[in-house]
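Chemist: Would you be able to build a 3D model of this:
(2 chains)
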Amino acid sequence: AQSVTQLGSHVSVSEGALVLLRCNYSSSVPPYLFWYVQYPNQGLQLLLKYTTGATLVKGINGFEAEFKKSETSFHLTKPSAHMSDAAEYFCAVRISGGSNYKLTFGKGTLLTVNP
Amino acid sequence: ETGVTQSPTHLIKTRGQQVTLRCSSQSGHNTVSWYQQALGQGPQFIFQYYREEENGRGNFPPRFSGLQFPNYSSELNVNALELDDSALYLCASSLATYEQYFGPGTRLTVT
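Modeler: Below is the predicted model:
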């Protein structure tokens, strides 16, 4: 079974500051990892994903994440926060094999951006 | 290309009633997954349909059931509604192993 832990249910940064949202996972098989963003009263939008290959992945809106197997982590970063980044962010894991493609999500991190 | 759509957007039901939620998958996608997102929580996997067959189920009781149609659209049915069923229900479609694209969700309130 797989699981996801997101450290910090709420992160607050100033506009222009570095954004760092933490995600650690547990999986008995090599994982696929995802970050999704959810704006108020909306569904989830995929920011980026790691499947195989390069461990540093770039996504939309200037976000990137690095897969670190030794640390079982997949932290999300953005060099400079913008007001429009304020939203809830979810890390998710999926097993890389098998026929069931379910995603297991963390509890989410609410990002607020202060002017 | 049309994205994932869900209907209705909101609905209010009474405890003990039954509800049906609908999802239209993105064009070309053959897999639909349903998730329940309680307030302040991450989405929880309910079940998944692949080419009209159930392809995995999460830890939800049998009163949660579903269907996938030949055009790959899907329904989620919940019988004997309980107060704890109040949540945002998300549908996601994908082409088999590729990433899942989510709809805007249906907000269900059980009173």
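Chemist: Tell me the spacing between the most centrally placed residue in chain A and chain B.
Modeler: Computing the C-alpha centroid of chain A and ranking residues by Cα atoms, centre = their mean puts residue A:35 first, at 3.3 Å. Applying Cβ to the nearest Cβ, to the nearest Å, one obtains 11 Å for the distance of residue A:35 from chain B. Backbone N, C-alpha and C define where each C-beta goes, glycine included.
Chemist: Now that residue: closest residue in space, sequence neighbours ignored.
Modeler: Using Cβ to Cβ, 6 or more residues apart in numbering or on different chains and skipping the chain neighbours, the partner closest in space to residue A:35 is residue A:47 (4.4 Å).
Chemist: In whichever strand or helix holds the residue nearest to the centre of chain A, which residues are buried?
Modeler: The secondary structure element spanning residue A:35 is strand A:31-38 (assigned by DSSP states H and E). For strand A:31-38, the neighbour count (16 or more other Cβ atoms under 10 Å in any protein chain shown) marks A:31, A:32, A:33, A:34, A:35, A:36, A:37, A:38 as buried.
Chemist: give me phi/psi at the residue nearest to residue A:16 when sequence neighbours are not counted?
Modeler: Of all residues not flanking residue A:16 in the chain, residue A:80 sits nearest, at 5.2 Å (Cβ to Cβ, 6+ apart). Per-residue torsions, residue A:80: phi -140, psi 110 (degrees, to the nearest 10).
Chemist: quick one: residue A:80 from residue B:46, how far?
Modeler: Distance, residue A:80 to residue B:46, using Cβ to Cβ, to the nearest Å: 38 Å.
Chemist: Quick check: bridge partners of residue B:67?
Modeler: Beta bridges link residue B:67 to residue B:75, judged by DSSP bridges.
Chemist: Tally up the residues packed near it, please.
Modeler: Residues lying near residue B:67 (other Cβ atoms under 10 Å in any protein chain shown) number 15.
Chemist: just to revisit the earlier point, partners of the helix or strand following the strand holding residue A:35 in the sheet?
Modeler: Next helix or strand after strand A:31-38 toward the C-terminus (DSSP H and E): strand A:44-50. Using DSSP bridges, strand A:44-50 pairs in its sheet with strand A:31-38 (antiparallel).
Chemist: could I get the partner strand in CSV with only the CA atoms?
Modeler: What follows is strand A:31-38 as a C-alpha-only set of coordinates in CSV (Å, rounded to 0.1, in the frame of the first residue of the first chain):
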residue,chain,number,x,y,z
PRO,A,31,6.1,5.2,-7.5
TYR,A,32,4.6,7.7,-9.9
LEU,A,33,4.3,11.0,-8.1
PHE,A,34,2.1,14.0,-8.8
TRP,A,35,1.3,17.5,-7.6
TYR,A,36,-2.1,18.9,-8.1
VAL,A,37,-3.5,22.4,-7.3
GLN,A,38,-7.0,23.2,-6.2
